[in-house]
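Peer 1: got a sequence here, can you model it:
(one chain, ligands or ions: 2)
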Amino acid sequence: MIHNKPTRRRWSSLAVATCITVFANCTQGQPVKTVTCVPFWKVQVTEGLWSARLEANRNGTIPASLAFCESSKRIDNFAIAGKLKEGKFTGLHFNDSDVYKVIEGAAYILKVRPDAELEKYIDGVIAKFAAAQQSDGYLDTYFTIARADQRFRHIQHSPRHELYCMGHLIEAGAAHYEVTGKKNLLTVAMKLADHIGSVFGPEKRHEVPEHQQLESALIRLYRATGEKRYLKLGQFFIDQRGAPGRRKNPASYSQDHMPVRKQSEIVGHAVRAMYNCAGMADLYMETGDAELLAACHRLWESTTRRKMYLTGGVGATAHGEAFGEDYQLPNASAYAETCAAIGLVFFAHRMWQISPNGEYIDVLERALYNGMLGGVSLIGDGFFYVNRLASSGKEGRGATRRTWFGCACCPSNVCRFIPIVPGYAYGHRDDKLYVNMYLPGRAKVKMDTGEVTLIQQTKYPWDGRIKITVEPARDAEFTLKMRIPSWTSVNPVGGNLYRYADNADMGVGLKVNGNDQEMKIGNGYASVRRKWTSGDTISLILPMPVRRVLAHEKVTANTGRVALQRGPVVYCAEGKDNADKAIEIVLDDGMALEAEYCKELLGGVSVVTGKLPGGREFAAIPYFARANRGASEMNVWFKRTQTGPPTNDKKEDTNEIEGHFDGDGH
Ligand code: FUB
Ligand code: ZN
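Peer 2: Ligands and ions are numbered 1, 2, ... in the order given. From the prediction side, this is the model:
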């Protein structure tokens, strides 16, 4: 998803189907003034962790995923449905969705690295989508090839993800148009959306997709085209979910148990739930419907304050791939699907756009660096679907990365997610410029006060020193808001689900042009207002000791246990570094822990080390980097003893990274 400010472009040159549906009962309202995000293609990442991840996505994940879409015959299904080829449908009934997601990701790549060959290939796949689309706009290869008489007959009973797949096509169509300006996929998306609108609606059929995605996709299509009927259709589906008088999907599993505006507890299938919340937040942005926002707030709290892993993973149980009860966060059986962490990022970012409070980015960052990033290997071609927090190293897909899955929702989601990560870094509204992510590179921001270039130098997340050079096109007064991550304070994240054993606020330092700066801290940001001149610098120092984390006493899985975090990164021990034994490690509060940056290890990571009783070496690596050297025991929550007082690694210089800054407060 791209979260730049909704555009209101009119769509004129394309003939659209004439099924104009009037949704008299839709809540009408005014769009909300949200924060405008700097799109990912305006944020150049020049080095460091995200540069490597983007590279791995471009060179590893996307090419490998396209190859799997070919070899698994996912792409052939379109050619067969389009009568370009003879054959039968192959694979799972929702395999179309994977192809759409990979193509969406590949389109993002084109935006930052034009590549004629890739573009030609994408256009060829889009031509197959267009061939598979029926004359009335319908597009789903499973039904077209295998069960043409059953179209839209399985929305409620034995659902087949028809509307979910369609949602992904529509999202890919809007995205492809946004980044390439080409209309070949958008045309297919609009025709499909119009077909859906001719079947479902207030005076038509009232079912909702059993797996959300279509809702946000339709709203994105509206933003790309300016065509209100797509917003109304998206709104219809959101309003219908859980509406009284409708026969429901498997109720809470699909968040269909009560109207979304009444929901308070996050329940059911975790990916659906997160996409549901993202769709609700999208609709709020377009309508200002306060009831929807209130529900989003309640569901946010339920998710992040009672049901979220320290890693930002959500969906604790394999049963229904679902959220469990409050505080039910088992480690060895954690489900925490990669897609669900991506969904949480989508939800968090929309909430932040609505009200730019750092708490949303704290969660986004946690899910990003841990629950999500761990879902893909360092070179980009090995995936986790479930993300355990403890593993014997032997239990199949929880322990070993796979190159692809029969149900490949996670790898294909990774394809389209990683390229947009730089788009989470900056945003602006009025005369405020928000810096959310610390990553080295250059960004161009079009503020109301004029264009501003930001040049960021940092080794984050391995080092908490950040320096930004501000280059407004001409001198301009505005407020620069630097995010102060919650991990620097008493609790690693909002609420009391987790707390630091040291119970300390680390404090932060801020300088402007090398001079200490008085700062206003509020809503998770340090704000500096001044007339900015080209070459001004702002430097932030976020202390990054290794910190011990404790869970709320109701998280019984973590009773008597402690986890390690440094900056935004959650750590785990692997058998590989710990004499094959990670599960039984006991960490005493008095044991000194140090962090050291190891350039050669796992693509360059900070490693946490200490000495266990008896002199055995202890080493922990970032959770996201686990299982990149084969499977072995792995553990996040260690048994804890308390013979000494909680110790922080105050020796910041052990983690010194060379060639870092050129003075100015560093
Ligand atoms: O059902 C489509 C996707 O596959 C879901 O989002 C995942 O949980 C997996 O079931
Ligand atoms: Zn998935």
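
Peer 1: going forward, measure contacts between C-alpha atoms and count neighbours the same way
Peer 2: Noted.

Peer 1: can you give me the helices for the stretch 401-550 of the chain?
Peer 2: Per DSSP state H, counting those that start in this stretch, the stretch 401-550 of the chain carries helices over the ranges 409-417.

Peer 1: residue 78 and residue 199: what is the separation?
Peer 2: Noted for residue 78: a distance of 23 Å to residue 199, by CA to CA, to the nearest Å.

Peer 1: the two: who's more crowded?
Peer 2: residue 78 (30 against 14; other CA atoms under 10 Å).

Peer 1: phi first, then psi, for the more buried one.
Peer 2: Torsion angles at residue 78 (phi, psi; degrees, to the nearest 10) stand at phi -70, psi -40.

Peer 1: next, count neighbours for the residue in the stretch 1-150 of the chain that ligand 1 sits nearest to.
Peer 2: Residue nearest to ligand 1 within the stretch 1-150 of the chain (CA to the nearest ligand atom): residue 94, separated by 7.1 Å. Neighbourhood size, residue 94 [other CA under 10 Å]: 22.

Peer 1: okay, it: pLDDT?
Peer 2: Predicted confidence (pLDDT) for residue 94: 97.

Peer 1: check residue 662 too.
Peer 2: So residue 662 comes in at 39 (pLDDT).

Peer 1: distance of residue 318 from ligand 2?
Peer 2: 12 Å (CA to the ion, to the nearest Å).

Peer 1: for residue 388, same thing?
Peer 2: In this view, residue 388 and ligand 2 are 14 Å apart by CA to the ion.

Peer 1: same question, residue 152
Peer 2: Taking CA to the ion, one finds residue 152 at 24 Å from ligand 2.

Peer 1: try residue 124
Peer 2: Distance from residue 124 to ligand 2, by CA to the ion: 26 Å.

Peer 1: list the residues that contact that residue.
Peer 2: Not one residue lies near residue 124 by CA atoms under 8 Å, 6 or more residues apart in numbering.

Peer 1: quick one: residues contacting residue 269.
Peer 2: Counting by CA under 8 Å, 6+ apart, residue 269 has contacts 253, 254, 255, 315, 320, 321, 322, 323.

Peer 1: selection in ChimeraX covering whichever of these are buried, please.
Peer 2: Only the buried entries of those go into this ChimeraX selection, using 16 or more other CA atoms under 10 Å:
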select :253,254,255,315,321,322,323
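
Peer 1: and which of the contacts of residue 269 is nearest to residue 188?
Peer 2: Of all the contacts of residue 269, residue 188 sits closest to residue 254, with 27.3 Å by CA to CA.

Peer 1: is it true that the closest one touches residue 274?
Peer 2: No. With contact defined as CA atoms under 8 Å, residue 254 does not reach residue 274; the gap is 10.8 Å.

Peer 1: okay, now whichever residue of the stretch 1-150 of the chain sits closest to ligand 2: neighbour count?
Peer 2: Nearest residue of the stretch 1-150 of the chain to ligand 2: residue 98, at 10.1 Å (CA to the ion). Counted with other CA under 10 Å, residues neighbouring residue 98 total 26.

Peer 1: and the helix or strand containing it, how far out from the chain middle?
Peer 2: Using DSSP states H and E, residue 98 sits in helix 95-112. In terms of CA atoms, centre = their mean, to the nearest Å, the centre of helix 95-112 is set 16 Å apart from its chain centre.

Peer 1: buried residues, it. List them.
Peer 2: 95-111.

Peer 1: name the SS class of residue 220, please.
Peer 2: Of the three states, residue 220 takes helix under DSSP: H, G, I helix; E, B strand; the rest coil.

Peer 1: what count of nearby residues applies to it?
Peer 2: 28.

Peer 1: list the contacts of it.
Peer 2: Here residue 220 is in contact with 171, 174 (criterion: CA under 8 Å, 6+ apart).

Peer 1: nearest spatial neighbour of the closest residue to ligand 2 within the chain, chain-adjacent residues omitted?
Peer 2: Using CA to the ion, residue 410 is the residue of the chain that sits closest to ligand 2, at 3.5 Å. Counting by CA to CA, 6 or more residues apart in numbering, residue 410 lies nearest to residue 339, which is 5.4 Å off, once chain neighbours are set aside.

Peer 1: OK, contacts around residue 558?
Peer 2: Applying CA under 8 Å, 6+ apart to residue 558 gives the contacts 550, 551, 637.

Peer 1: look up how far residue 41 lies from the last one.
Peer 2: Put plainly, it is residue 637. Remark: distance between residue 637 and residue 41 (CA to CA) = 38 Å.

Peer 1: these two: who's more crowded?
Peer 2: A count of neighbours by other CA under 10 Å puts residue 637 above the other of residue 637 and residue 41, at 28 against 19.
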